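In: Next come a sequence and a model predicted from it.
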Amino acid sequence: MLIYFIHGVATRDASYANKLIKLIEEEYKRKNMSQSPRILALDFDGVLCDGMIEYFQISKRTYETLWPEIIPEDFFPRFSQLRPVIETGWEMPLLLRSLVLGIPDGEALNNWPSIAQNLLERDKIAKKVLSNALDGLRDQWIESDLESWLALHQFYQPAINRLASLLDSDFLVYIITTKESRFVKQLLQKVAINFPAARLIGKEIKQPKYLTIQQILADLPESPANLWFVEDRLDALELVEQQADLNDVGLYLADWGYNTAQMRQKVAQDTRIKLLSLSQFAADFTHW
């Protein structure tokens, strides 16, 4: 039971306290959440797997196809630092374009959407051209030399160890990813994890992650409070946060993934989304 006693404001209008009451209720709900979930939904890239080298190499190939310039390998550290601003794959070659043109990293971090639009207009290139080129070159690479493509992906070992231990129990784990599930399956097999195909939901589904979470809960069926979602993309978590029927789902931003200090600072002010470290992820749920 919650009893409110709000004192100190000279007014007869009780509605002035509505915002405070809502905050109290949200905090009460957070403190009384289950200490552990029954279902864990995980992103793949940026939570279990680091595909940054592949992102850079396929972006480099795409750039060098569309612009008559060679991208130096030493662009990789800056590309890695700036990669979290990217929302869609076609933007990655544009990120390299911004580096070639000398756009300051700080400006790219703070104003990427407008910079990307300006680059499209400056070079008179369409999003579809970038998207088709990148996807086509990636498909060619996979078809011609799958092993070398898979080798560009590295795993976060503590995360993989935690996944393996959960799979050895009766715990329900789902992977929800924008990568094709067949590649996720092959990558996991390289670290001796045979993930259940029915719980591996990939790019081929072609829908936002919040819809997938809604479907998981409906199919089981299960209470939203018993599902926790770990994702490194803040925008994906915020979309879940906006769904009224998912109000009780636990939301965690993986701080070891593809996000910026600014995004992590924003989460620190959020009453719903929690910041999660890799050491916390690897530990018992009571430490989350």
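Out: That came through, no problem.
In: Name the SS class of K274, please.
Out: Here K274 takes the strand state, with states given by DSSP: H, G, I helix; E, B strand; the rest coil.
In: For the residue lying closest to it once chain neighbours are set aside, give its distance to Q157.
Out: In space, and not counting its chain neighbours, K274 is closest to Y252: 5.2 Å by C-beta to C-beta, 6 or more residues apart in numbering. Quick note: C-beta positions are derived from backbone N, CA and C, even for glycine. Distance, Y252 to Q157, by C-beta to C-beta, to the nearest Å: 19 Å.
In: So for the two, which sits in the more crowded spot?
Out: Neighbour totals were compared for Y252 and Q157, and Y252 leads with 22 against 11 (other C-beta atoms under 10 Å).
In: Helices of the protein, residue ranges please.
Out: Counting by DSSP state H, the chain has helices at residues 18-31, 52-66, 76-82, 91-100, 105-123, 127-144, 146-150, 157-167, 181-189, 209-219, 234-241, 261-268, 278-282.
In: Name the residues of stretch 227-234 that come out as buried.
Out: Residues of stretch 227-234 classed as buried by neighbour count (16 or more other C-beta atoms under 10 Å): 227-234.
In: Which of those fall within strands?
Out: Using DSSP state E, the members of those that fall in strands are 227-231.
In: With respect to I71, which of those residues is nearest?
Out: Ranked by distance to I71 (C-beta to C-beta), these are led by E231 at 29.2 Å.
In: list the contacts for that closest one?
Out: E231 makes contact with 43, 46-47, 209, 237, 251-254, 257 under the criterion C-beta atoms under 8 Å, 6 or more residues apart in numbering.
In: run the last query once more with 10 Å
Out: Residues counted as contacts of E231 (C-beta atoms under 10 Å, 6 or more residues apart in numbering) are 41-43, 46-47, 176, 209, 237-240, 251-254, 257, 259, 273, 276.
In: I figured the residue nearest to K274 was touching V267, is that so?
Out: Yes. Counting by C-beta atoms under 10 Å, V267 is a contact partner of Y252 at 9.3 Å.
In: Give me the common contacts of these two.
Out: In contact with both Y252 and V267: 237, 273-276, using C-beta under 10 Å, 6+ apart.
In: From V47, how far off is the closest residue in space to W228 that isn't next to it in sequence?
Out: Once flanking residues are discounted, W228 sits nearest to G250: 3.6 Å by C-beta to C-beta, 6+ apart. G250 sits 14 Å away from V47, going by C-beta to C-beta.
In: Next: Q214.
Out: Per C-beta to C-beta, Q214 is found 20 Å from V47.
In: Looking at the two, which is more packed in?
Out: Taking other C-beta under 10 Å, Q214 and V47 do not tie; V47 has more neighbours (26 against 18).
In: Just the pLDDT for the more buried one.
Out: pLDDT recorded at V47 is 98.
In: now swap in N194 and tell me
Out: In this prediction, N194 carries a pLDDT score of 92.
In: burial of the nearest residue to it once chain neighbours are set aside, as a residue count?
Out: Closest residue to N194 apart from its sequence neighbours, by C-beta to C-beta, 6+ apart: L188 at 7.4 Å. By other C-beta under 10 Å, the residues close to L188 number 22.
In: Please verify my assumption that L188 contacts V173.
Out: No. L188 is beyond contact range of V173, at 11.5 Å (criterion: C-beta under 10 Å).
In: re the thing from before, so which of the ones in strands among the buried residues of stretch 227-234 comes closest to Q280?
Out: Closest to Q280, out of all of those and judged by C-beta to C-beta, is V230, at 10.3 Å.
In: Would you quantify the distance from V184 to Y174?
Out: To Y174, V184 is 12 Å away according to C-beta to C-beta.
In: which regions of this protein lie under the pLDDT threshold?
Out: Within the chain, the stretches with pLDDT under 70 are 1-34.
In: can you rerun that using 90?
Out: 1-36, 68, 87-89, 169-170, 178-180, 182, 190, 203-206, 268-271 (pLDDT under 90).
In: List the contacts of the closest residue to G202 other than its chain neighbours.
Out: Using C-beta to C-beta, 6+ apart and skipping the chain neighbours, the partner closest in space to G202 is S181 (3.1 Å). For S181, the contact set (C-beta under 10 Å, 6+ apart) comprises 44, 175, 195, 197, 200-205.
In: Now the buried members of these.
Out: Neighbour counting over these (16+ other C-beta under 10 Å) leaves 44, 175, 195, 200-202 as the buried ones.
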